[in-house]
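In: Dropping the sequence and predicted coords here.
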Amino acid sequence: MFEGFERDQFTSGDITINFVKGGSGPPLLLLHGYPQSHIMWHKVAPRLAEHFTVVVSDLRGYGDSSKPPTTDNHSPYSKRETAKDQVRLMAHLGFDDFYLAGHDRGGRVGHRLTLDHPDKVRKLAVLDIAPTYAMYSSTDFSFATAYYHWFFLIQDHPLPETLIGAAPEFYLRKKFGQWGRDKNAFPEEAMREYLRCFTPETIHASCEDYRASATIDMTHDKADIDAGVGIICPVLALWGNKGYVGNKYDVVAEWKNWGTDVRGAGLPCGHYLPEEAPNETFKALLEFFTT
């Protein structure tokens, strides 16, 4: 996977970010979701690298990136801090601004990065998410059932860590089966990497990611809503037509609450767009970032 890409790590302070880099042309940062790592882009990144300088990183708390100690308010895992990691990484690589595509948690990091660093993002693509504040604020029976993990993972340590840690491979494969619609979308080589990285440290850090989303991230979002801060760059929202988000929310309308230049489309897949519908995902991203 990622043949022809350089593999490297970048350290700033006490945080190390693992990443791969390949291709040439305008810079494009790809961010992954839960419970995965940069590996989730392995079908799409090489094709995008024919048009862009593609950087694919592990978010803090995931993959081979740092899992820093947390605090009572979960701020080390806030999307604000996670976004700073990615801005510093791209600056280290010589990119003052860049295109950005994020799936799932990576899309939420991309959302916060674009709000906090509006001069850094040329265009933003968010994959299979509605804005965090909207999803939590409109919680109902349907959402709580489909996204039960949002409420499970935020429980106090060590409850979710202990239960997931008792059978991590079962949990991981169950998640892929629950959210995905194509059991053949995840080759064993990729699954081995996901399992390798799904350590007790990652399990704890990913719970902290969700705890931050339900607390400090909501505070940051509400402050921006109250101040009228929005996304100034063009936004592309993609979702899986066979998944939950696109069937529950008017995704484009939700993102228009944050930005004025928003477009979107559903793809023929479940939650994992880059793995279940790589051709369609590639074409949609290429068109958006080149026009």
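Out: It's in.
In: show me where this structure has strands.
Out: 6-12, 15-23, 27-31, 53-57, 98-103, 121-127, 235-240, 262-267 (DSSP state E).
In: mind putting these in a markdown table, mean neighbour count included?
Out: C-betas here are computed from N, CA, C, even on glycine. Shown next, in a markdown table, are the strands of the chain (neighbours: other C-beta atoms under 10 Å):
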| stretch | mean neighbour count |
| --- | --- |
| strand 6-12 | 14 |
| strand 15-23 | 21 |
| strand 27-31 | 26 |
| strand 53-57 | 27 |
| strand 98-103 | 26 |
| strand 121-127 | 24 |
| strand 235-240 | 26 |
| strand 262-267 | 19 |
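In: could I get those strands as a markdown table with mean pLDDT and distance to Met218?
Out: As requested, those are arranged in a markdown table below (pLDDT from 0 to 100; distance: least, C-beta to C-beta, whole Å):
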| stretch | mean pLDDT | distance to Met218 |
| --- | --- | --- |
| strand 6-12 | 98 | 26 |
| strand 15-23 | 98 | 23 |
| strand 27-31 | 99 | 20 |
| strand 53-57 | 99 | 25 |
| strand 98-103 | 99 | 19 |
| strand 121-127 | 99 | 18 |
| strand 235-240 | 98 | 20 |
| strand 262-267 | 98 | 22 |
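In: okay if I get the ones you listed as a markdown table plus distance to Val44?
Out: Output for the strands of the chain, formatted as a markdown table (distance: least, C-beta to C-beta, whole Å):
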| stretch | distance to Val44 |
| --- | --- |
| strand 6-12 | 18 |
| strand 15-23 | 12 |
| strand 27-31 | 8 |
| strand 53-57 | 9 |
| strand 98-103 | 9 |
| strand 121-127 | 10 |
| strand 235-240 | 12 |
| strand 262-267 | 12 |
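In: Quick check: the gap between the residue nearest the centre of the chain and Ala146.
Out: Central residue of the chain (C-alpha atoms, centre = their mean): Gly106, 1.5 Å from the mean position. Applying C-beta to C-beta, to the nearest Å, the value for Gly106 to Ala146 is 20 Å.
In: do Gly180 as well
Out: Taken as C-beta to C-beta, the span from Gly180 to Ala146 is 14 Å.
In: So for these two, which sits in the more crowded spot?
Out: Between Gly180 and Ala146, counted using other C-beta atoms under 10 Å, Gly180 has the larger neighbour count: 20 against 16.
In: Can you tell me the closest non-neighbouring residue to the more buried one?
Out: Of all residues not flanking Gly180 in the chain, Gly270 sits nearest, at 4.6 Å (C-beta to C-beta, 6 or more residues apart in numbering).
In: I'd guessed the one you found sits against Lys242; true?
Out: Yes: counting by C-beta atoms under 8 Å, Lys242 is a contact partner of Gly270 at 4.9 Å.
In: coming back round to it: any idea what the closest residue to the residue nearest to the centre of the chain other than its chain neighbours is bridged to?
Out: Excluding the flanking residues, the one nearest Gly106 by C-beta to C-beta, 6+ apart is Leu31, at 2.8 Å. Taking DSSP bridges, one finds Ser57, Gly102 as the beta-bridge partners of Leu31.
In: Against Val121, how distant is Leu31?
Out: Distance from Leu31 to Val121, by C-beta to C-beta: 12 Å.
In: Same check on Cys207?
Out: According to C-beta to C-beta, Cys207 stands 28 Å off from Val121.
In: can you check Pro160 too?
Out: Pro160 is 32 Å from Val121, where distance means C-beta to C-beta.
In: on that earlier part again, can you pull the contacts of the residue nearest to the centre of the chain?
Out: Residues in contact with Gly106, defined by C-beta atoms under 8 Å, 6 or more residues apart in numbering, are Leu30, Leu31, His32, Gly33, Leu59, Leu127.
In: Of those, just say which sits nearest to Ala91.
Out: Closest approach to Ala91 among those (C-beta to C-beta): Leu31, at 16.1 Å.
In: and the gap between the closest one and Ser65?
Out: Distance from Leu31 to Ser65, by C-beta to C-beta: 11 Å.
In: which residues are in contact with both of the two?
Out: In terms of C-beta under 8 Å, 6+ apart, Leu31 and Ser65 are both contacted by the residues Ser57, Leu59.
In: was I right about Arg181 contacting Cys269?
Out: Yes: if you go by C-beta under 8 Å, Arg181 and Cys269 touch, sitting 6.1 Å apart.
In: ok, these two, which is more surrounded?
Out: Neighbour tally, Arg181 and Cys269, criterion other C-beta under 10 Å: the higher count belongs to Cys269, 25 against 17.
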